[in-house]
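Peer 1: need coordinates for the below:
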Amino acid sequence: MSVHPDCGDIARRILQRRDQLGLSEGMLAHRAAMSPAYLRQLLCSGPEFDPPGFVRIAAVLGMAWPELLSGNRPDAPPGQTDTGRRGQLLRLTESQCWELLGTRGVGRVGLPGSSAPVVLPVNYVVDDRTIAYRTAPRGAAAPADGSPVSFEVDRIDEHRSAGWSVLILGQAHLVDTSDEEQHLAALPGATPWAGGARPLWVRVRPAAVTGRRIDTG
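Peer 2: Down below sits the predicted model:
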């Protein structure tokens with residue numbers, strides 16, 4: 001039987017992941033419902049020899065099928081692909097930053113924590129050059145009124161090794177009037193993705209807005 005051209009790379013990925021998880025050959029074989037000898041046969045022969053067997057191996061190792069075959073994780077954080085492109089780092093003006101932030105999106109808010117800053121993803125709206133988001137009154141993303149906060153949004157184009165990021169430093173203010181709450185709730189994208197009861201609006205008033213872009217042309 002011909003050997004699949006990628007079987008060596010696949011075997012290396014399996015062994016590397018097995019070592020990361022602290023599994024022995026016998027443990028992996030047992031959890032994949034096969035003998036160690038058969039496991040070695042699969043690694044030498046490749047996925048075409050016994051696709052269901054490789055599916056069981058991938059499940060034990062917590063690997064998606066594309067990751068096992070090619071090393072590419074569909075849910076992997078960006079920035080792991082080396083395209084060979086080397087871009088130029090450019091600073092953005094404040095107007096450019098607000099243009100990139102748009103009217104709504106998903107960003108990360110940095111809040112003071114008991115022992116260290118806490119960074120959480122939130123969906124947000126832009127209103128009169130401020131950032132506003134909804135959360136639960138006692139939720140992790142609910143700061144004390146007047147707390148120093150940071151807010152960061154970025155976009156990555158991994159195929160071009162390009163992207164941009166905008167960072168806002170300022171203070172968090174709790175919205176406490178019904179008129180302001182109704183105004184913010186009417187903006188597109190105001191409904192939190194997380195769902196549930198999140199009646200508290202937090203408005204981030206910027207003291208500084210900075211941004212950077214990496215462009216490969």
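Peer 1: pLDDT wise, what is the residue nearest to Cys97 when sequence neighbours are not counted at?
Peer 2: Once flanking residues are discounted, Cys97 sits nearest to Gly211: 4.1 Å by C-beta to C-beta, 6 or more residues apart in numbering. C-beta here means a position set from N, CA and C on the backbone, and glycine is covered the same way. The model reports Gly211 with a pLDDT of 95.
Peer 1: residues near Gly211, how many?
Peer 2: 23 (other C-beta atoms under 10 Å).
Peer 1: pull up the pairing partners for the helix or strand containing it, direction included.
Peer 2: Remark: Gly211 resides in strand 200-215, with elements defined by DSSP states H and E. If you go by DSSP bridges, strand 200-215 pairs up with strand 88-92 (antiparallel), strand 131-135 (antiparallel), strand 162-174 (antiparallel).
Peer 1: what residues sit buried inside that strand?
Peer 2: If you call a residue buried by 16 or more other C-beta atoms under 10 Å, then strand 200-215 has these buried ones: 200-204, 206, 209, 211, 213-214.
Peer 1: contacts for stretch 204-211?
Peer 2: Residues from elsewhere that reach stretch 204-211 (C-beta atoms under 8 Å, 6 or more residues apart in numbering): 91-92, 94, 96-98, 100, 109, 129-133, 149, 151, 164-173.
Peer 1: same question for stretch 163-174.
Peer 2: 78, 92, 97, 100-101, 111, 131, 143-157, 200-214.
Peer 1: what of stretch 6-15?
Peer 2: 4, 43-47, 54, 57, 61, 63, 67-71.
Peer 1: again, only using 6 Å
Peer 2: 43, 46, 71 (C-beta atoms under 6 Å, 6 or more residues apart in numbering).
Peer 1: just name the lowest-scoring one in these, pLDDT-wise.
Peer 2: For those, the pLDDT minimum is Gly71, 71.
Peer 1: any idea which helix or strand comes after the helix ranked longest in the chain?
Peer 2: The helix that spans the most residues within the chain, counting by DSSP state H, is helix 7-20. Heading C-terminal from helix 7-20, the first helix or strand you meet, by DSSP H and E, is helix 25-31.
Peer 1: let me see the mean pLDDT of that following helix.
Peer 2: Regarding helix 25-31, the rounded mean pLDDT is 93.
Peer 1: circling back to that earlier point, list only those of the contacts of stretch 204-211 flagged as buried.
Peer 2: Buried among those by 16+ other C-beta under 10 Å: 92, 96-98, 100, 109, 130-133, 149, 151, 164-170, 172-173.
Peer 1: may I see the buried residues of the helix-or-strand element of the chain with minimal mean pLDDT?
Peer 2: Of all helical and strand segments in the chain, the minimum by mean pLDDT, DSSP states H and E falls on helix 65-70, at a mean of 79. Within helix 65-70, the residues scored as buried using 16+ other C-beta under 10 Å are 67-69.
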